[in-house]
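Student: below is the sequence, then the predicted model.
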Amino acid sequence: MSEYAMLIDYEYCSGCKTCEIACNQEYNREAGNLGGVEVQEFIHFLQSGRLYITNIPHFTKACVFCAGRVKKGLAPACVQHCMANVLIFDTLENLKDKIPENRKALLWTKG
């Protein structure tokens with residue numbers, strides 16, 4: 001599945017962890033177990049002294065981009081259930097044109 005990629009437009013990720021839950025439910029993992037996606041929270045202070053929190057979904061070695069779902073024409077479970085629509089799954093070629101210029105984003109691929 002190396003031709004597919006995940007665009008993570010994390011500027012708007014709220015850290016709700018719905019993607020983690022959807023992944024664990026898709027693969028019948030118990031709550032609290034590390035699944036294919038994990039949201040990391042980064043807390044830092046701006047020069048103004050204001051608190052700034054950034055949440056970034058990242059994909060673990062357990063992630064297979066929901067190959068079974070994709071073969072059926074479905075989106076990966078994390079993408080389907082992301083309430084903020086920060087996860088975009090498509091071919092690498094298609095995602096290159098969708099990378100936002102003025103926002104925080106990552107392009108994740110599997111090799």
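Tutor: Done, it's in.

Student: run through the helices of this structure in chain order.
Tutor: 18-26, 67-71, 77-81, 92-96 (DSSP state H).

Student: starting at the chain centroid, how far to the first one?
Tutor: What that stands for is helix 18-26. 11 Å (Cα atoms, centre = their mean, to the nearest Å).

Student: in it, what's buried?
Tutor: Within helix 18-26, the residues that count as buried by 16 or more other Cβ atoms under 10 Å are 18-24, 26. Glycine gets a C-beta too; all of them are placed from N, C-alpha and C.

Student: do the second one as well
Tutor: Counting neighbours by 16+ other Cβ under 10 Å, one finds that the buried residues in helix 67-71 are residue 69.

Student: run the chain-centre distance for it.
Tutor: For helix 67-71, the distance to the chain centre is 17 Å (Cα atoms, centre = their mean).

Student: I'd like the average pLDDT over that helix.
Tutor: Average pLDDT, helix 67-71: 95.

Student: now for that helix, which elements pack on it?
Tutor: Applying 3 or more Cβ pairs under 8 Å, 6 or more residues apart in numbering; DSSP states H and E, one finds that helix 67-71 makes contact with no other helix or strand.

Student: go again with 10 Å.
Tutor: For helix 67-71, the elements it packs on are helix 77-81, judged by 3 or more Cβ pairs under 10 Å, 6 or more residues apart in numbering; DSSP states H and E.

Student: please enumerate residues in contact with the helix it packs on?
Tutor: Residues from elsewhere that reach helix 77-81 (Cβ atoms under 10 Å, 6 or more residues apart in numbering): 6-7, 16, 18-27, 35-37, 39, 57, 59, 63, 65-66, 69, 74-75, 85-90.

Student: most remote residue from the chain's center?
Tutor: In the chain, the residue that sits farthest from the middle, by Cα atoms, centre = their mean, is residue 48; the gap is 29.8 Å.

Student: ok, now how distant is the residue nearest to residue 51 when sequence neighbours are not counted from residue 12?
Tutor: Nearest residue to residue 51, sequence neighbours excluded (Cβ to Cβ, 6 or more residues apart in numbering): residue 45, at 6.0 Å. To residue 12, residue 45 is 21 Å away according to Cβ to Cβ, to the nearest Å.
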